[in-house]
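Q: Return a 3D structure for these sequence lines:
(chains A and B)
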Amino acid sequence: SQTIHQWPATLVQPVGSPLSLECTVEGTSNPNLYWYRQAAGRGLQLLFYSVGIGQISSEVPQNLSASRPQDRQFILSSKKLLLSDSGFYLCAGFKAGANVLTFGAGSRLTVL
Amino acid sequence: SQQGEEDPQALSIQEGENATMNCSYKTSINNLQWYRQNSGRGLVHLILIRSNEREKHSGRLRVTLDTSKKSSSLLITASRAADTASYFCVDSGAGSYQLTFGKGTKLSVIP
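A: Residues are numbered from 1 along each chain as shown, chains lettered A, B, ... in the order given. Predicted coordinates:
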């Protein structure tokens, strides 16, 4: 079965600092991978998805970027964080044959 | 995108009562799924219903699908305090990779 690992679990960053959140997948190959953001008390906003190495689709224009350097690695980055980037970030993987999204435990980002 | 919209946004019930939440979608679906999110955690898959199914059961969960109305409902019977969570639906059918979720239904089960 597929397992999604995310880190760090929690981080507090000053405005203007860079960001790197990492997501790795265990137990499957060639999954579709997703980054979601959830603001406090809100629904999930799809940020990026990837269907393969180097293939990134962006859903929302913003100061975030994503990369997929390896099949099982998905990275969310920012060069300069904004206050509005605060939130709960979730990585998820989707294996078409299994038809189920598997989520990581999430990374809580607070920008001060 | 394959987005579902859940309602109500919030639901509060007493332990032992049944909880019903609904999901509407705009496009033709292939598979509709329900997920649960405990506060501060990732989402967990609950149940999947295929477009050619009308009803599906899993333990205390019952999901129905009405493709003519483009809607689905999730029923949790004999609710427990541990069922307190947010519930989301999404269409995970083939043809689109944009798996987007609605705002979810926040269920509170009062002991």
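Q: Strands along chain A, start to end?
A: Under the criterion DSSP state E, strands of chain A are mapped to A:3-7, A:10-13, A:19-26, A:32-38, A:44-52, A:55-58, A:64-70, A:73-78, A:87-95, A:100-103, A:107-111.
Q: ditto for chain B
A: Counting by DSSP E, the strands of chain B are B:4-7, B:10-14, B:19-25, B:31-37, B:43-50, B:55-58, B:61-66, B:71-76, B:85-91, B:105-110.
Q: Can you name the residues in contact with stretch B:68-78?
A: Contacts to stretch B:68-78, defined as C-beta atoms under 8 Å, 6 or more residues apart in numbering or on different chains, come from residues B:4, B:16, B:18-26, B:29, B:32, B:34, B:46-47, B:49, B:60-66, B:83, B:87, B:89, B:107. C-beta: built from backbone N, CA, C; applies to glycine.
Q: re earlier: figure out which of the strands of chain A is closest to B:Q98.
A: Checking the strands of chain A against B:Q98 by C-beta to C-beta gives strand A:44-52 as the closest, at 6.6 Å.
Q: What angle do strand A:64-70 and the closest one make with each other?
A: 30 degrees (axes from the mean of the first three to the mean of the last three C-alpha atoms, to 10 degrees).
Q: What is strand A:44-52 packed up against?
A: strand A:32-38, strand A:55-58, strand A:64-70, strand A:73-78 (3 or more C-beta pairs under 8 Å, 6 or more residues apart in numbering or on different chains; DSSP states H and E).
Q: Show me what the first one is packed up against.
A: For strand A:32-38, the elements it packs on are strand A:19-26, strand A:44-52, strand A:73-78, strand A:87-95, judged by 3+ C-beta pairs under 8 Å, 6+ apart.
Q: Give the rounded mean pLDDT of that strand.
A: Strand A:32-38 shows a mean pLDDT of 94.
Q: mind listing what's buried in it?
A: Judged by neighbour count (16 or more other C-beta atoms under 10 Å in any protein chain shown), strand A:32-38 contains these buried residues: A:N32, A:L33, A:Y34, A:W35, A:Y36, A:R37, A:Q38.
Q: again with the last one
A: Of all the residues in strand A:73-78, those buried under the rule 16+ other C-beta under 10 Å are A:F74, A:I75, A:L76, A:S78.
Q: okay, these in JSON lines with distance to chain B next?
A: What follows is the buried residues of strand A:73-78, written out as JSON lines (distance: C-beta to the nearest C-beta, whole Å):
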{"residue": "A:F74", "distance to chain B": "14"}
{"residue": "A:I75", "distance to chain B": "18"}
{"residue": "A:L76", "distance to chain B": "15"}
{"residue": "A:S78", "distance to chain B": "21"}
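Q: Can you name the residues that contact A:V60?
A: Counting by C-beta under 8 Å, 6+ apart, A:V60 has contacts A:Q45, A:L46, A:L47.
Q: Give me the distance between it and chain B.
A: A:V60 sits 11 Å away from chain B, taking C-beta to the nearest C-beta, to the nearest Å as the criterion.
Q: just to revisit the earlier point, nearest to chain B among the contacts of A:V60?
A: A:L46 (4.8 Å; C-beta to the nearest C-beta).
Q: Quick check: beta-bridge partners of that closest one?
A: Assessed by DSSP bridges, A:L46 has beta-bridge partners A:Y36.
Q: mind checking how far it is from A:T3?
A: Distance of A:L46 to A:T3, computed by C-beta to C-beta, to the nearest Å: 21 Å.
Q: Before I go, just wanted to say thanks for your time.
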